[in-house]
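Trainee: Based on what follows, work out the 3D shape:
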Amino acid sequence: MQAQTESHTGWTFLTNHARVLAAIADDRHVRVRDLAVHCRLTERAVLRIITDLEDAGYLSHVREGRGNRYAIDPTKVLRHPAEAGVPVAALLAILVKDEADRTQQLDPA
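Mentor: This is a model prediction of the structure:
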């Protein structure tokens, strides 16, 4: 996962929880430190979000050596009533793409 260096102000379409979950879906072995850099959050905020996602059953982890391997439950539904019945897998299918696809979409030369 590469560090994001651009700054951002104003509103965004995604919550930090969605951003962290999508980053974990991109790399199931990602470190909290790398998540924090990628999502532009503190490590403490990322740990709090991971705890929220685990407590709600969207995410689980297994310790592997000095790191973690995360697992996402794709059948869990989104929490807002406007998206009632929509599984988290549908959101991640839109947000998670490999880097080659992202580069090609941004520069279709």
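Trainee: Contact partners for the closest residue to Glu43 other than its chain neighbours?
Mentor: Distance criterion Cβ to Cβ, 6 or more residues apart in numbering; nearest residue to Glu43, sequence neighbours excluded, is Ala36 at 4.6 Å. For every residue, glycine as well, the C-beta is placed using N, CA and C. By Cβ atoms under 8 Å, 6 or more residues apart in numbering, the contact set of Ala36 is 42-43, 45-46.
Trainee: Quick check: longest helix in this protein by residues?
Mentor: In the chain, taking DSSP state H as the definition, the longest helix is helix 43-55.
Trainee: Return the helix or strand just after that one as CSV; C-alpha atoms alone will do.
Mentor: Per DSSP states H and E, helix 43-55 leads on to strand 59-64 as the next helix or strand towards the C-terminus. Extracted in CSV, the C-alpha atoms of strand 59-64 (Å, rounded to 0.1, in the frame of the first residue of the first chain):
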residue,chain,number,x,y,z
LEU,A,59,-14.2,-7.7,10.3
SER,A,60,-12.1,-10.3,12.2
HIS,A,61,-8.4,-10.9,12.5
VAL,A,62,-6.0,-13.7,13.3
ARG,A,63,-2.5,-13.0,14.6
GLU,A,64,0.2,-14.1,12.2
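Trainee: Check which helices and strands strand 59-64 sits against.
Mentor: Packing contacts for strand 59-64, counted by 3 or more Cβ pairs under 8 Å, 6 or more residues apart in numbering; DSSP states H and E, involve helix 43-55, strand 67-72.
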